[in-house]
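take a look and give me a structure for this.
(one chain, ligands or ions: 2)
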Amino acid sequence: MANAPVQTDTPVIAFIGGGNMARSLIGGMIARGADPGCVRVAEPVEALRGALAADFGVRCFATAAEAVDGAAVWLLAVKPQVMRTVCNELAPVAQATRPVAISVAAGITSTQLSDWLGGAVPVVRAMPNTPALLGAGITGLFANAQVDAVQKAQAGELVEAVGPVVWIDDEAQMDAVTAVSGSGPAYVFLLAEAMQAAGVRQGLPEATARQLASHTLLGAARMLTELDEPADVLRRKVTSPNGTTQAAIETFEAGGLRELVDRAIAAATRRGRELSAAND
Ligand SMILES: NC(=O)C1=CN([C@@H]2O[C@H](COP(=O)(O)OP(=O)(O)OC[C@H]3O[C@@H](n4cnc5c(N)ncnc54)[C@H](O)[C@@H]3O)[C@@H](O)[C@H]2O)C=CC1
Ligand SMILES: O=C(O)[C@@H]1CCC=N1
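Numbers count the residues shown, from 1 in each chain. Ligands and ions are numbered 1, 2, ... in the order given. The predicted structure follows:
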């Protein structure tokens, strides 16, 4: 028999860090009906606080201590390099109030986060991506042993507001999740830049090249996610024998595109592990 869904009340969520990733998550949550009154944000940069309050109606504070007041869910969205300092500062409150701490930081392990917050803290690692801003994100999630069913459901619901979620059982896989989908939008933007520039070199006006490249990526991504056909099948349907696509694909293959992507994703995965080791 399937487990009954866990019912959760809307918790107060404290974002620690109000930068790019927090903005994407907050924007996606509010666009999908979350109550701005339940979102508190700690962000030292005044201009970012002002923009978040003006754009989304959330309450912003200069310090983490103010933002976590009354929050059952903490969403840690600072850079990996400052995570330890931020957690150490919040450890007494974490031990007193037992929130669930959700971290989006690349490479920082649940054991590191729990230890820095004083020990035995429920920690969820989440790896979202910036398309969350448009509700088109995807998030990999891992929960440590301290996370109970209600907290797991709260964490899942929070990020499901901005796209599908994938739970990972083996935390070691989070670095590969980060390398594929966390960083992934940047690879697609790089491809878009290259396609636009090449289109211009072949004689297109810049605005035309941009529109053609962007909508091609959008259409191809929709086919990948909405049709039940794998990427290689979809690719073959575009590729007429001895046609234009074949000429381009042969050039990509001869240039080692697959090996290059493999090396790039291996490098990103390795950097995740390095971030973790640098913080031990
Ligand atoms: N940008 C992306 O596409 C993704 C980022 N991430 C993760 O999200 C985290 C944040 O990355 P971004 O948003 O890109 O960086 P960011 O630099 O835009 O945002 C971090 C924010 O934290 C603030 N901050 C610094 N010290 C603070 C403190 N003591 N208390 C509260 N706020 C403080 C900074 O002023 C800054 O606005 C990183 O750990 C990164 O690994 C995860 C997935 C995707
Ligand atoms: O580049 C980074 O380290 C972060 C994590 C995934 C996307 N941005």
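
find the nearest non-adjacent residue to the closest residue to ligand 2 within the chain, please.
Here the chain gets closest to ligand 2 at one residue, G182, 3.3 Å apart by CB to the nearest ligand atom. C-beta coordinates here come from the backbone N, C-alpha and C atoms, glycine included. Leaving aside its sequence neighbours, G182 sits nearest to M127 (CB to CB, 6 or more residues apart in numbering; 4.5 Å).

swap in P44?
That would be A62: by CB to CB, 6+ apart, it lies 6.0 Å from P44.

next, give phi and psi for the one you found.
Backbone torsions of A62, given as degrees, to the nearest 10, read phi -80, psi -20.

is it true that it touches L48?
No. Contact between A62 and L48 fails when scored by CB atoms under 8 Å: they sit 10.7 Å apart.

more neighbours, these two?
More neighbours surround L48 than the other of A62 and L48, with 18 against 13 (other CB atoms under 10 Å).

tell me the phi and psi of the residue nearest to D148 when sequence neighbours are not counted?
Using CB to CB, 6+ apart and skipping the chain neighbours, the partner closest in space to D148 is P122 (7.0 Å). Main-chain torsions, P122, degrees, to the nearest 10: phi -70, psi 120.

give the burial count for P122, as a bare number.
The number of residues near P122, taken as other CB under 10 Å, comes to 23.

pLDDT weak spots in the protein?
1-9 (pLDDT under 70).

for G37, see how far away the residue nearest in space to the middle of it is.
Closest to where the C-alpha atoms of the chain average out (CA atoms, centre = their mean) is P128, at 1.6 Å. To G37, P128 is 23 Å away according to CB to CB, to the nearest Å.

do the same with A106
30 Å.

who's more crowded, those two?
A106 (21 against 11).

ok, and the closest non-adjacent residue to the more buried one?
Here the residue nearest A106, using CB to CB, 6+ apart, is T178, at 4.9 Å.

repeat that for D55.
Using CB to CB, 6+ apart, the closest residue to D55 is G27 (7.3 Å).

the residue nearest to G182: how many residues sit nearby?
Around M127 there are 28 residues (other CB under 10 Å).

hmm, back to that, quick one: the residue of the chain closest to ligand 2 and A31, what's the gap?
Taken as CB to CB, the span from G182 to A31 is 21 Å.

who has more neighbours, the two?
Neighbours were counted for G182 and for A31 using other CB under 10 Å; G182 has more, 26 against 14.

so who does the residue of the chain closest to ligand 2 touch?
Contact analysis of G182 by CB atoms under 8 Å, 6 or more residues apart in numbering lists A106, M127, P128, N129, G140.

and L90, by the same measure?
By CB under 8 Å, 6+ apart, the neighbours of L90 are I16, A64, A65, V68, W74, L117.

now swap in M195 and tell me
Taking CB under 8 Å, 6+ apart as the test, what M195 contacts is A209, L212, A213, T216.

re earlier: can you lay out the contacts of G182 as a markdown table showing distance to Q146 and secondary structure?
Shown next, in a markdown table, are these (distance: CB to CB, whole Å; DSSP: H, G, I helix; E, B strand; the rest coil):
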| residue | distance to Q146 | secondary structure |
| --- | --- | --- |
| A106 | 22 | coil |
| M127 | 19 | strand |
| P128 | 22 | coil |
| N129 | 26 | coil |
| G140 | 19 | strand |
